[in-house]
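**Student:** Okay, here's the prediction I keep looking at, along with the sequence it came from:
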Amino acid sequence: MEPLPIGDYDPSRVVQIIGDVEPKAYGPDSRISITPSGPRFSIQQGQDGHIVRVKNRAIYYILTFTLMRTDPANDKLAALHQADVDGVDGAGVVKYQMTDNNGTEKVSAPHAWVVQIPDVTHSAAGDMRTWTVHLGSADVQVGSLKQL
């Protein structure tokens, strides 16, 4: 019997860049989450049971990540969002790139924008800022870890 594969993972080797902003101080939980806005295929079913599979091309991706309040990226992302709100013609729309240097996963999008500023909370525990960014026309390559 062949031995099971083993991989090595270091979260600091997953790098994302939003325009010219590279967040560094992620919160203690989920680092980066990229979720499709819906399924790629849906089904239309007739009364007699016939099925038609329908391809959905109108998919964007929802990126969420949580930063420590100490990360200067919070200021830069807030400024990017404010430029989009105050500007015209997509002033806050930038490129997005995520690379997992532990393996083969990569995500890129020519159009990314901050959807809204995070909730502002202050507690005794020290607070985080959770950002939501939409990715348009994204190329998402799901992969695996390099094996040792």
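**Tutor:** Done, it's in.
**Student:** for this protein, which strand is longest?
**Tutor:** Secondary structure of the chain per DSSP state E: the longest strand is strand 106-116.
**Student:** Name the residues that touch it?
**Tutor:** Strand 106-116 has contacts (Cβ atoms under 8 Å, 6 or more residues apart in numbering) with 18-19, 34, 61, 63, 77, 80-81, 84, 90, 92-100, 131-141, 143. Just so you know, the C-beta spots here come from the backbone N, C-alpha and C atoms, and that holds for glycine as well.
**Student:** What strands flank that strand, and is each parallel or antiparallel?
**Tutor:** Paired neighbours of strand 106-116 in the sheet (DSSP bridges): strand 94-100 (antiparallel), strand 128-136 (antiparallel), strand 139-141 (antiparallel).
**Student:** Tell me which stretches of the protein form strands.
**Tutor:** For the chain, the strands defined by DSSP E occupy 14-18, 32-36, 41-45, 51-55, 61-68, 94-100, 106-116, 128-136, 139-141.
**Student:** Next, format the strands paired with strand 106-116 as JSON lines and append mean neighbour count, mean pLDDT and distance to residue 52.
**Tutor:** Converted to JSON lines, the strands paired with strand 106-116 look like this (neighbours: other Cβ atoms under 10 Å; pLDDT from 0 to 100; distance: least, Cβ to Cβ, whole Å):
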{"stretch": "strand 94-100", "mean neighbour count": "19", "mean pLDDT": "98", "distance to residue 52": "34"}
{"stretch": "strand 128-136", "mean neighbour count": "19", "mean pLDDT": "96", "distance to residue 52": "27"}
{"stretch": "strand 139-141", "mean neighbour count": "12", "mean pLDDT": "96", "distance to residue 52": "26"}
